[in-house]
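Peer 1: got a predicted structure plus its sequence, pasted below:
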Amino acid sequence: MDQPAISVSGLRKTYGDVQAVDGVTFEVAPGEFYGILGPNGAGKTTTLEIVEGLRRPDEGTAELFGIPSWPRNYELLRRIGVQLQATAFFEKLTAREQIHTFADLYEVPRERADAMLESVGLTEKADVSDTELSGGQAQRLSIACALVHDPELVFLDEPTTGLDPQARRNMWDLLREINAAGRTVVLTTHYLDEAEVLCDRVSIMDAGRILRTGPPAELISELGVKTLEDVFLQLTGREFRQ
Ligand SMILES: Nc1ncnc2c1ncn2[C@@H]1O[C@H](COP(=O)(O)OP(=O)(O)OP(=O)(O)O)[C@@H](O)[C@H]1O
């Protein structure tokens, strides 16, 4: 592998009595579409937050482009995009004002922000308050905000949660385009079918540990099953519940 986009080794994080992350190790190559899958409480978000430099691990290291993500490194912040949940928007702004605010923070031209709004299909909603956007529109706005400074590496934490089936399909197209533009994409999701169609490689996580990593089709054929849901069942003895 070239210099990995992400290199994580031996991460551990405990909250009180809860071992949220329990020895997580993985690498992501530049340009890869990588997914972290697991049920509620598996430790996906905590792992991502450590990798993004938002949270300090108790043990282990996370590097982005060979640079440690903790202590927080401002050089890295320009190179990564983190999709915030729609609830993290600034209050009472229109979609355009929202993304212009992000553009100003990153010191990129507002024209670039308008182009991002266009590329996620929100130009017509530019003057609408974010509280009046549909779930899918709000998710697309949050992704546009994460991309406004043209990052090399994008983190998306459950970008399709709460979307109806058509909006999910539209979101898949958008995520494919983001990756096809040469960006490395890291996705967490509860939806195993989504990971199967989008991700080059996935790690299946449960109770703070990665159980298996590989291309979805390989994991499925290695275990002689039909879907990633079956892979989860084989590995844990439990049904995967969304
Ligand atoms: N700030 C916190 N304080 C205490 N416990 C926490 C905190 N954040 C997460 N946890 C616990 O750590 C474990 C892992 O949580 P985490 O959010 O990383 O999992 P997840 O896989 O992202 O789950 P979900 O899919 O529900 O978002 C859970 O048991 C959770 O309750």
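Peer 2: Great, that's in hand.
Peer 1: so where do the helices sit in this protein?
Peer 2: With DSSP state H, the ranges of helices along the chain come out as 44-52, 74-79, 95-105, 110-119, 135-147, 165-180, 192-198, 216-222, 228-236.
Peer 1: so which of those is nearest Asp17?
Peer 2: Comparing those against Asp17 with CB to CB, the closest turns out to be helix 44-52 (14.7 Å). Any C-beta I mention is one placed from the backbone N, CA and C, and that applies to glycine too.
Peer 1: in JSON lines: the helices of the chain, plus distance to Leu64.
Peer 2: Output for the helices of the chain, formatted as JSON lines (distance: least, CB to CB, whole Å):
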{"stretch": "helix 44-52", "distance to Leu64": "7"}
{"stretch": "helix 74-79", "distance to Leu64": "5"}
{"stretch": "helix 95-105", "distance to Leu64": "20"}
{"stretch": "helix 110-119", "distance to Leu64": "22"}
{"stretch": "helix 135-147", "distance to Leu64": "15"}
{"stretch": "helix 165-180", "distance to Leu64": "17"}
{"stretch": "helix 192-198", "distance to Leu64": "21"}
{"stretch": "helix 216-222", "distance to Leu64": "24"}
{"stretch": "helix 228-236", "distance to Leu64": "27"}
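Peer 1: what's the closest of the ones you listed to Leu153?
Peer 2: Among those, the nearest to Leu153 by CB to CB is helix 74-79 (6.4 Å).
Peer 1: count the neighbours of the closest residue to Val51 other than its chain neighbours for me.
Peer 2: Leaving out its chain neighbours, the residue that sits closest to Val51 by CB to CB, 6 or more residues apart in numbering is Ala62, at 4.6 Å. Neighbour count for Ala62, taken as other CB atoms under 10 Å: 24.
Peer 1: quick check: bridge partners of Ala62?
Peer 2: Counting by DSSP bridges, Ala62 is bridged to Val8.
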